[in-house]
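Novice: Below are the sequence and a predicted model; questions follow.
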Amino acid sequence: MNTCLISNLKLINNNNNINDNLYVEFIELTSLIIVTEAQIAPLEEFHTFLEKCLHKHVLEYIVKPLTRPGDNFASVIQALEVKTINNNDPTEIEMLNLVFKKPIPGFVNTYQSEQFLSEVHFYTDIIPAIKQFEESLNIPETERIEAFARYFGSRISLNPGAERVDMDAIILFENLKSLNYHSPSQFDKDDIFAILKILAKLHALCIAMRRLQPHLFYSNVDPYLHNVYSRSFLDTIKFTITDKFIEKELANFSEMPKSVQIAIKDLIKLCKNLLRNQNRIPDTPYTTFYHTDLWSKNILIKKDGTNKNYTQVKIVDFQLYRYDTFVHDLVQFLLINARINDLKTNFKSFIEYYHLEFVKTMRYTNCPLNDYTYEKIWKEIKDKAKYNLLDLYYYLAKRTIIWVFYMEQPTPKAIVNRLKCINDLYVENGLI
């Protein structure tokens, strides 16, 4: 571990009770600075695992890099080319492009174990519940949600009786990049609308399932939405990093009224208190599946070759999801990913479109719509968006911590501009 980096991170701590081990864990989780290809653990009994997942005889496979360090904060992700042969027809040979995800080498603790298991449960329990719900209501095939990578299988250990994740844990997916999906550095306006449609559909289906088929929801979805340990670990880090960021960056906005600066700081304190004291979010008409991490690397798109206005969307990285109001995913996604000029001119249009798609899905489920007028949706946004402020500031702070505190450079202009846009939107729309 880079001791200079740890030393600089200690400056963020000031007098908060965060120990050195927590700093080490933060860097290993959020930067992967110490992880190189040479340090990735060998794939024990991998051939057998592949054949079990694929239900085919595996002739050979090749492992290749897929992501850059830092693109995924709690796992190692690599591409996999697999040559298979049909068990019933030896002349049928197929090449499969896959992806596998493993824990960070030498770093499997309770936090990472819960993250890994959360992702497994999303694919083995939550997605099947959503599909079962859609099927039971005869929702048209064209209106069903198709926004997730195909899942082939997983293991948490080589020990069949293991209850906790160890270094031999693996999750196996299709390789979306081989299907021409990609993560752009910024989404254009058409991309934003396409992603909002998927997000509205996911949120609406989970709300409707809870209201119309509560047994299915509380048996197959709800048990995995309340991961307390992961929240407490991340929240401790979040508070420390964000405090330093706010102290530095708000002072740079000389044109911001003092009253707004005070309001922002008060809201951050309120967010912290809520996170410290609330273990389970109560059910409301608006509580649903909350991804929590909808930044560009976790959203892949593919343009239709014949219709460039049609965008297909895939959402990945289901490690930190939880249960809360739809507002948090919606606001976080828009304010982090939409272009600043698009936010300035189309913020309300984005909200209106999300609402239209949300209601459209609710109609397919025959769920009562009394709680989902535009006025009530906007009221929920105005009531709850303020609690996104801590996460929005934390998102920006994470992306400056090495640059600003380790390299002692000015905050990148793109981050400053994004922060100003967020502050302005909150003020202009009465969200603060």
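Specialist: Arrived safely, thanks for sending.

Novice: quick one, longest helix in the protein?
Specialist: The helix spanning the most residues in the chain, taking DSSP state H as the definition, is helix 340-365.

Novice: Can you point out the buried residues in the helix or strand just after that one?
Specialist: In the C-terminal direction, the helix or strand that comes right after helix 340-365 (DSSP states H and E) is helix 374-384. Buried positions in helix 374-384, judged by neighbour count with 16 or more other C-beta atoms under 10 Å: 377, 380, 381, 384. (Each C-beta comes from the backbone N, C-alpha and C, glycine too.)

Novice: what's the lowest-pLDDT member of those?
Specialist: Sorting these by confidence puts residue 384 at the bottom, with a pLDDT of 94.

Novice: Contact partners for the nearest residue to that one once chain neighbours are set aside?
Specialist: Counting by C-beta to C-beta, 6 or more residues apart in numbering, the nearest residue to residue 384 once its immediate chain neighbours are dropped is residue 327, at 4.2 Å. Remark: with contacts taken as C-beta atoms under 8 Å, 6 or more residues apart in numbering, residue 327 is in contact with 286, 380, 381, 384, 385, 388.

Novice: Tell me how many other residues crowd the last one.
Specialist: Yep, that's residue 388 we're talking about. The burial metric for residue 388, expressed as a neighbour count using other C-beta atoms under 10 Å, is 25.

Novice: That one: what's it in contact with?
Specialist: Residue 388 is in contact with 327, 328, 331, 332, 335, counting by C-beta under 8 Å, 6+ apart.

Novice: helix/strand/coil for it?
Specialist: Look at residue 388: counting by DSSP: H, G, I helix; E, B strand; the rest coil, its state is helix.

Novice: quick one: pLDDT of the nearest residue to it once chain neighbours are set aside?
Specialist: For residue 388, ignoring the flanking residues on the chain, the nearest one in space by C-beta to C-beta, 6+ apart is residue 331 at 4.5 Å. Predicted confidence (pLDDT) at residue 331: the value is 97.

Novice: how much space between residue 331 and residue 246?
Specialist: When C-beta to C-beta, to the nearest Å is the yardstick, residue 331 and residue 246 sit 18 Å from each other.

Novice: picking that back up, closest to residue 261 out of the contacts of residue 388?
Specialist: Of all the contacts of residue 388, residue 261 sits closest to residue 335, with 18.6 Å by C-beta to C-beta.

Novice: Pretty sure the closest one sits in a helix.
Specialist: Yes. Membership of residue 335 in a helix is supported by three-state DSSP.

Novice: so who does the residue lying closest to it once chain neighbours are set aside touch?
Specialist: Distance criterion C-beta to C-beta, 6+ apart; nearest residue to residue 335, sequence neighbours excluded, is residue 422 at 5.3 Å. Contacts for residue 422 (C-beta under 8 Å, 6+ apart) come out as 335, 389, 392.

Novice: Alright, that wraps it up for me.
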